[in-house]
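Student: sequence plus predicted model, see below.
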Amino acid sequence: MTHTVRRSSGSAWTWASVGAAVLVVAPVAMLAVSIINPRRDVWSQQWNTRLPGQLRDTALLLAGVAVGTILLGAGLAWLTSAYRFPGSRQFGWLLILPLAMPSYILGFLTLSTLGRTGPIQDWWRSAFGDDAWFPPVESLGGAILTFTLVLYPYVYLLVRAALRDQAGGALLAARTLGATRSEAARRVVLPLVRPAIAAGAAVVMMETLTDFATVQYFGVDTVSVGVFRVWRGTYDRDAASELATLVLGFALLAIGFERIARGRARFGQAGGAEAGTEPQRLTGGKAVAATFVCTALVVAAFAGPVLRLVGWAVAEQTGDRGTPLLDEYPGYLWHSLQLVAITVVVCTVTAVVLANAQRFGSPTLTRMAGRATAFGYAVPGPVVGIGVLLAVVGLDGALGRVGMGLPGVVTTGSLLVLVYAYAVRFLAPALGAVESGTAQVSEEMTASARSLGATPARTMRRIHLPLSKASLATAAVLVGVDALKELPIVLLLRPFGFDTLPIWVYNLASESRFQQAALPALSIVVVAMIPVMILSRKLERPDG
Amino acid sequence: MKTPRTPLLLGVCAIAIFAVGCSGGDGDVLQVYSGRHYGIETAFAQFEKDTGIKVKFLTGNDAELRERIAAEDDKTEADAYITVDAGNLAAAAAQGLFQPIDSTVLDGAIPSELRDPDNLWYGLTIRARTIVYNSERLTPDEVPTTYEELAEPEWNGRLCMRVSTNVYQQSLVASLIATHGEDEALRIVKGWADNAEIVSNDVLLLETIADGLCDVGVANHYYLGRALEENPDFPVDLVWANQDDRGVHVNTSGGGVTAHSKHPVEAQIFLEWLATRGQSVLVDANHEYPANPAATPGALIADQFGVDFSRDKLDAATFGALNGDAVRLMDEAGYG
Amino acid sequence: MTIDHPSRSPGQAPRRAARDDVSNSITPDLMSKHTSNPEQSANSEQAALVVEQISRSFGRGARRTVAVDDVSIELGASEILALVGPSGCGKSTLLRLIAGLIPAERGSIWLGGTVVDDGSSVVPPERRRVGLVFQEHALFPHLSIADNVGFGVRTSTNRRVGEMLDMVGLGQFADRYPHELSGGERQRVALARALAPRPALMLLDEPFASLDPNLRGQIRDEVVRVLRSTSTPAVFVTHDQSEALAIGDRIAVMRGGRIEQVGTPESVFHDPGNRFVAAFMGEADFLSGNDLAAIGGRIEGTTTVMVRPDDVTFTVADDGAATIVAAEFRGMMWCYTLALESGATVRSTRSHLERVMTGTRVHASLLPGHTPVVISD
């Protein structure tokens, strides 16, 4: 009556997780392969000219944005969770709104508002003279500022979720032991939310690293810009692939930093339905300061830019030109929503499988699989696009040699390929959010469920998923908003007639018709706000 | 709970994927990959009215669209490929992505220096990249007249130039290499780098000049046309560069029929129409010059900039082939 | 696995080993050095658990640690075994091996006569019918108490759930949620939940460690009562030796991944196999032959002996050879540390009614009837 089972009962989970990782890594791996025979001429030419500056600027940009978003994101999360001041409850969700703003839009808005030819500096010069100094916005500093404003919500979201789910009990315990609130924050809560901060910072650094368009507004030459310049300018795709491995190198550094910053601890304390401690009411100067800081941030990162867009949009609509292709708007919206829905489902489901596989399958293999998916996030969009294109074409060719072919639905220019590229690109943030949620379910809880007769699948369905609802929602929103705003991949790989809202913006912005692009840009922001607000409401409600 | 909803969602999505994925390859529709994004819908709608042929277009970046056509090979859905830069046309021709067109209409409409000698592609509009200056701060005799002059020390701190990642700037530098050779071109571009503030796009460049933060710059003429249309008092004017020698550098936006087009006949009709009847509707929205000498340029640019200026006859194949060298040269010159 | 079982057909569990065995480990049935107890051999009950030379390590290369090292134990049909040892000795790992949460590297595990882990095949936890109770109750916070308890039971849930809740005295909490209960109540729910599917074996990993000390004994007694009333065999892991002494039918002492000694509480306490077990199971003082003589004991040779505080007494005497150097109040008694002439210390307990001041000279002696134990370590 021996039950002979496969050697590891979790092997199905291991295989699924490794399989998913292989699929996601394949297009990126093609990049790494190109470095096997490096083109010395390309490398030496780049090294003698742009590379040193690019390496320096990339490092400085990443460091600056990481520091900025950690300070802002974690600081604001703590401020709005632990204290009550006028508007604190509203700021709780208002502060997430900048997620809805694409970086390329905020980039040109920052430049056009604060830049040398913008209204602020025009006024400054008229008030203080032509030679009056104003901090240069077309600079590394301006880029760091813009990226920080756009990306801090990632850190903010993850830290807030962690604070809500874990820190309540610990904070209470620390305070009963006599610590003041800020002492307790530093010594007890901060270590607890380190994984969330680290995960958020890693996401932020990836987004910054792979951006090649917004940085150019600020005259910052990063390694991604270098890839872009070589690829588009010299038509040498192989050289560009090789240079793209530099981007991967930075990504490895960022991932390494995240692992160190996470610390060794693995936290298995589910706060569950336990309410956190009572927030402390701020009074007087402190309350004013808190409200001011939050207001300033919301204005700078969201309300201000949106108002400027609204102004431009109204001016365009009431002018003679109108907004081009406005009657196509329903189509753009529908395509965007389609793409987002499918991508969210694919990425979230895959992330859930990968995260749970770490509990049920071989720990080493599944963890490696999870880490590997991070590389998709570390590769600039167009490179992912080309990698997927080549992979699909190559596969089709290989099949052709044996007399077969890929079905029409899988060829280039099909939605499936586009979604695949999106999955490659966006699995990592989904996985990060789902992993941090699953980590909150203690090993003992999983063990209890299994000892009570629940298979891994049932354990996942009945225990892990319900207990990590907040992080699942976060994952869905992060992926959804990213997919909604994404431009380079959809530009390259989309099927005929499948134009999305960002394409609409691109058609105008690429001709520098920024004012005319205001209405399309606004449409993206407005649509993106919906999932963002749903998420923030979910976070506010004490969930079981 | 998630469980009942998820299969339903997945089902809906699967249907959606298949619904959209299986579309494409319609019977009577011309499918165009276009690097031009602005104003084309008007032109294409007009074409449809005139000929009854429907046009569907996919916008994108020149180089990426070219990569996609190359990757798609004989499975491509593109019938025609239109770019904003002639260098990409030349590169596409060199990659074998076009099929030769036999059309007396096109041969007659487009001057030989603006088309491919093997009839693989035809230029449709002219985009001149020339010298612009602040008309309030510079007197007419102070205005520089050649690109090479801008490298001189007297323009230090007074020059605005566009980033090296921009294809029009790359073409201009390529034309310098073709005209002067690498060493001299490097000297010139180094001079530009020393003198210039680097700006991310032409619109911003013109605004910087208008605000008096730069005195001179180099930009595509139609951006100035746009600015003047919005504000007739815009204090920036242009001068056609190098009129005393080779002429102003022009880039061409044009197109050709793809090698694996499913509708080569319709594609040819399309190009012929764009080169003749469609010239006005194509160029007017964006203030470009028509490639067809018989077509009338738009009123604004005709009035403001004139129509008689000498153009550098350098062929696109040359400066297209030199694009990579231009990028590397700008790297070496420390040009941002 | 190279152990030969000529008398055993595949799938049949070995017989239960004898009690009171002071050897380092018990290997099932085969080795001739094993002294069998005739009474037990006649008992043909299946062993609830047989662990045979289980080993498990973690980490690789220089960081490799052996958590469980060649451990073998057996558990009788309704037996409660207390697994005790200092932190890091491997007892929790052993528990997880038995539960199937981690696979073994070497050795085999049998549950109720069926092999569940033998190197080539592993039965997953959900099919082992092993109940788990942890130090942190690990109740599912999003499910009600009733749903928690009913989680492992597929059919006739309501009846069984009600039964189990009544058994632990929490019938009225069925619709509450874990966060509404106190620590002790939660632990009782955890017990009810684990027992509901009628497991063949219960594993409890320091289940009372997070409870109030006052509550601890009460809950503990209740848990033991429930286990006995359902005749469920159990392995209790604890680092508290007094708890181990109180609950277990037998005690296994672990250190560094190995079993140091297995036996009844009395035998482990009074007859420790080595110094470690002696000191771990209770307060122990180790005396040389001379020191023993100083307090009136007799022993041959230069062996070390162990005495416990309750073995030693003293009378106040000005010419006494020992001095009181410390006194510790323990509520019901005082524990005095006596310094002997040689400098060695020995402890002695006394009723709280008599308080002796430090510095007093005393004459120490062994209580009659208390035989010091020779320690071979």
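Tutor: All right, it came through fine. Numbers count the residues shown, from 1 in each chain, chains lettered A, B, ... in the order given.

Student: in space, what's closest to the closest residue to chain A within the stretch 151-300 of chain C - neighbours in sequence excluded?
Tutor: For the stretch 151-300 of chain C and chain A, the shortest gap (CB to the nearest CB) falls at residue C:152, measuring 3.1 Å. Where you see a C-beta, it was placed from the backbone N, CA and C, and this is true even at glycine. Of all residues not flanking residue C:152 in the chain, residue A:452 sits nearest, at 3.1 Å (CB to CB, 6 or more residues apart in numbering or on different chains).

Student: what does the stretch 51-200 of chain B put close to chain A?
Tutor: B:56, B:58-61, B:63-64, B:67-68, B:71-73, B:75, B:77, B:91, B:163-165, B:167, B:170, B:198-200 (CB under 8 Å from any CB of the partner chain).

Student: before we move on, the earlier item: who's in contact with the residue nearest to residue C:152?
Tutor: C:126, C:131, C:151, C:152, C:193, C:194, C:196, C:197 (CB atoms under 8 Å, 6 or more residues apart in numbering or on different chains).

Student: would you mind giving those residues as TSV with pLDDT added?
Tutor: Output for these, formatted as TSV (pLDDT from 0 to 100):
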residue	pLDDT
C:126	88
C:131	91
C:151	90
C:152	87
C:193	91
C:194	91
C:196	89
C:197	89
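
Student: state the helix or strand in which residue C:217 lies.
Tutor: helix C:213-229 (DSSP states H and E).

Student: buried ones in that helix?
Tutor: C:216, C:219, C:220, C:222, C:223, C:224, C:226, C:227 (16 or more other CB atoms under 10 Å in any protein chain shown).

Student: quick one: average pLDDT of the helix or strand hosting residue B:329?
Tutor: Using DSSP H and E, residue B:329 falls within helix B:323-333. The pLDDT scores in helix B:323-333 average 91.

Student: relative to residue C:151, how far out is the residue nearest to residue C:152?
Tutor: 5 Å (CB to CB, to the nearest Å).

Student: what do you get for residue B:222?
Tutor: With CB to CB as the criterion, residue B:222 and residue C:151 are 71 Å apart.

Student: quick one, what contacts the residue positioned nearest the centre of chain B?
Tutor: What sits nearest the mean C-alpha location of chain B, by CA atoms, centre = their mean, is residue B:84, with 2.7 Å. Residue B:84 makes contact with B:35, B:36, B:62, B:127, B:167, B:251, B:253 under the criterion CB under 8 Å, 6+ apart.

Student: so can I have a markdown table of those residues showing neighbour count, secondary structure and distance to residue A:109?
Tutor: Shown next, in a markdown table, are those (neighbours: other CB atoms under 10 Å in any protein chain shown; DSSP: H, G, I helix; E, B strand; the rest coil; distance: CB to CB, whole Å):
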| residue | neighbour count | secondary structure | distance to residue A:109 |
| --- | --- | --- | --- |
| B:35 | 23 | coil | 26 |
| B:36 | 24 | coil | 25 |
| B:62 | 25 | helix | 26 |
| B:127 | 25 | strand | 27 |
| B:167 | 23 | helix | 25 |
| B:251 | 25 | strand | 29 |
| B:253 | 25 | strand | 29 |
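
Student: closest to chain A among those residues?
Tutor: For those, the nearest to chain A is residue B:167 (7.1 Å; CB to the nearest CB).

Student: quick check: phi and psi on the residue of the stretch 151-300 of chain C closest to chain A?
Tutor: phi -90, psi 0 (degrees, to the nearest 10).

Student: stretch A:125-137 and chain B in contact?
Tutor: Yes - judged by CB under 8 Å from any CB, stretch A:125-137 and chain B are in contact via residue A:130.

Student: distance between that stretch and the chain's centre?
Tutor: 36 Å (CA atoms, centre = their mean, to the nearest Å).

Student: for PyMOL, what selects the buried ones among the residues of the stretch 51-200 of chain B next to chain A?
Tutor: A single PyMOL command suffices to select whichever of these are buried according to 16+ other CB under 10 Å:
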select buried, chain B and resi 58+59+60+61+63+64+67+68+71+72+75+77+91+163+164+165+167+170+198+199+200
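
Student: so of the residues of the stretch 51-200 of chain B next to chain A, which ones are in strands?
Tutor: Cross-referencing these against strands under DSSP state E gives B:56, B:58, B:59, B:198, B:199.

Student: which single one of those is nearest to residue C:375?
Tutor: Nearest to residue C:375, judged by CB to CB, of these is residue B:198 at 85.2 Å.

Student: so that closest one makes contact with residue B:333?
Tutor: No - applying CB atoms under 8 Å as the test, residue B:198 and residue B:333 come out as separate, 11.8 Å apart.

Student: on that earlier part again, I'd like the contacts of residue B:84 as a markdown table, with pLDDT and distance to residue B:234 appended.
Tutor: As requested, those are exported to a markdown table (pLDDT from 0 to 100; distance: CB to CB, whole Å):
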| residue | pLDDT | distance to residue B:234 |
| --- | --- | --- |
| B:35 | 92 | 27 |
| B:36 | 91 | 24 |
| B:62 | 89 | 29 |
| B:127 | 92 | 19 |
| B:167 | 89 | 25 |
| B:251 | 91 | 23 |
| B:253 | 92 | 24 |
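
Student: what about the residue nearest the centre of chain A, which helix or strand?
Tutor: Closest residue to the average C-alpha location of chain A: residue A:203 at 5.2 Å, with CA atoms, centre = their mean. If you go by DSSP H and E, residue A:203 is part of helix A:190-209.

Student: quick one: is that helix near chain C?
Tutor: No - for helix A:190-209, no contact with chain C is found by CB under 8 Å from any CB; the gap never falls below 16.0 Å.

Student: tell me the buried residues in stretch A:69-84?
Tutor: Of the residues in stretch A:69-84, those buried (16+ other CB under 10 Å) are A:69-70, A:72-74, A:76-84.

Student: if we can go back for a sec, between all of the ones in strands among the residues of the stretch 51-200 of chain B next to chain A, which two are separated the most?
Tutor: Farthest pair in these, by CB to CB: B:56 and B:198, 38.0 Å.

Student: which bits of the stretch 401-544 of chain A sit near chain C?
Tutor: Residues of the stretch 401-544 of chain A lying near chain C (CB under 8 Å from any CB): A:442, A:444-445, A:447-456, A:462-463, A:466-467, A:544.

Student: buried members of the residues you listed into PyMOL, please.
Tutor: Selection of buried members from these for PyMOL, criterion 16+ other CB under 10 Å:
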select buried, chain A and resi 442+444+445+447+448+449+450+451+452+453+454+455+456+462+463+466+467
